[in-house]
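Novice: I would like to see how this sequence folds:
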Amino acid sequence: MDSPLEGIEPPGQDEEVDEAFCRQLEVASQSQALVVMGDFHHPDICWKGNRARHTQSRRFLQSIDDNFLTQLVEEPTRRGMLLDLVLTNKEGLVEDLKVGGSDHEMVEFRILCGRST
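Specialist: Predicted structure coming up:
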């Protein structure tokens with residue numbers, strides 16, 4: 001597996017930064033096995049229905065969909081909001097995902113790697 005990609009998306013960043021992130025995500029998602037994790041600051045996203053109120057968040061959702069990524073965190077990670085995400089392009093790559101522990105709730109998980117023979 002290639003290295004995990006970590007992202008922090010500051011609130012209120014401009015559209016140019018968003019577009020650069022989406023381009024980087026598109027390139028990274030070509031990997032056979034990808035895990036993207038980070039604090040993405042999209043409190044308006046409803047992950048159950050893949051909906052968002054703000055344009056920036058809708059673009060983020062579209063980028064995730066365009067790159068066939070799945071968001072795995074199901075519990076709020078900060079003050080009732082789901083901000084810290086784990087995204088992957090391969091089912092079964094991440095397991096034992098747990099949330100809990102600090103200002104931003106810690107997200108802990110294991111990445112399963114194949115063994116070469």
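Novice: residues contacting Arg58?
Specialist: Ala52 (C-beta atoms under 8 Å, 6 or more residues apart in numbering). Any C-beta I mention is one placed from the backbone N, CA and C, and that applies to glycine too.
Novice: cool, Ala52 as well?
Specialist: Taking C-beta under 8 Å, 6+ apart, one finds His42, Asp44, Ile45, Cys46, Arg58, Phe60, Leu61 in contact with Ala52.
Novice: go on, Asn50?
Specialist: Leu61, Asp65.
Novice: what's the distance between it and Val99?
Specialist: Distance of Asn50 to Val99, given as C-beta to C-beta, to the nearest Å: 20 Å.
Novice: show me where this structure has strands.
Specialist: 5-8, 35-39, 70-71, 84-88, 94-99, 107-111 (DSSP state E).
Novice: right, so of the ones you listed, which gets closest to Asp14?
Specialist: Judged by C-beta to C-beta, the one of the strands of the chain that comes nearest to Asp14 is strand 5-8, at 15.2 Å.
Novice: just to revisit the earlier point, buried deepest among the strands of the chain, which one?
Specialist: Stretch with highest mean neighbour count among the strands of the chain: strand 84-88 (a mean of 22; mean count of other C-beta atoms under 10 Å).
Novice: Perfect, I'm done here.
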